[in-house]
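>>> My questions are about this predicted structure, shown below with the sequence.
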Amino acid sequence: MITGDFMAQSDENGFVKRGFFLLGTMAALVGVVLSIIFYKPVQMLPLETRKLPERASEDGWKIRYNATIALLRRGSDDVPWRTVREMLDEPQQLKNCEFDHPDGKKIPDESLARSFAITTLKAVGEWQRMQADAGKKIDGVAALPQIREQVDVLAQSPIPELKVQAEKTRQALGNK
C-alpha cells in the first residue's frame, strides 16, 4: 500500500507540473499576441507640419504641373523652370496635398506629394538626356542653380524612393 500511494502521488505531481507549465506557456503566448496587436511603432515624419508653407500653390497647380512634366519629357526649350523648382520643393508639395482629417486637422498626403517630386525628378533627367541627344550645347540646368539645389536637398531625404530618384537625377545632370 505504501508503494501504491507513492505512485499515485508522483502521477499527481507530474500532472500538476505539466498543467502549470502549459498554463505558463499559454500566458506567454497570449502576451506575445497582445503585444503584436497593440504595438504601434512611432512614425517619424521627415518634415514637421508646422514647417510647411502657409499657403498652397495657386489654383490650377495640378494642371500647371502636368503641363510642365509634358514639356520636360519632350525636351522643350520652353520649360517653366520656376514651376519645376516649386514641384521639387517637398514642403510646398506637402502643403498642396493637404486634406481635412476627421478630427479637424489638415494632414498632408505624403505619398501624393512625394509622387509629384519623384515624377518631376524623372522628367528633369529625361529633359537633360533629350537635350544631350539633340546635340544642344547645354550643361543641363547649370544656368539654373536653384533646380540643382532642390535636387541636392531631395538627395538628402530620409525617404528612400525620393533619395534614390534624386541621386539618379543628379547623375543625369552631371552632378555626381
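In hand now; what should we look at?

>>> and Asp59, which of the three is it?
Secondary structure, DSSP: H, G, I helix; E, B strand; the rest coil: Asp59 is coil.

>>> what about the nearest residue to Met130 once chain neighbours are set aside, distance to Phe116?
Computed as C-beta to C-beta, 6 or more residues apart in numbering, the closest residue to Met130 that is not its neighbour in sequence is Gly75, at 2.8 Å. (C-beta placed from N, C-alpha, C; glycine too.) Gly75 sits 20 Å away from Phe116, going by C-beta to C-beta, to the nearest Å.

>>> ok, now Leu22?
Counting by C-beta to C-beta, the gap from Leu22 to Phe116 is 57 Å.

>>> the more surrounded of those two?
Just comparing Leu22 and Phe116: by other C-beta atoms under 10 Å the higher neighbour count belongs to Phe116, 24 against 10.

>>> hang on, that one packs against Met87?
Yes. Counting by C-beta atoms under 8 Å, Phe116 touches Met87, with 5.9 Å between them.

>>> Common neighbours of those two, please.
Shared contacts of Phe116 and Met87, defined by C-beta atoms under 8 Å, 6 or more residues apart in numbering, comprise Tyr65, Gln93.
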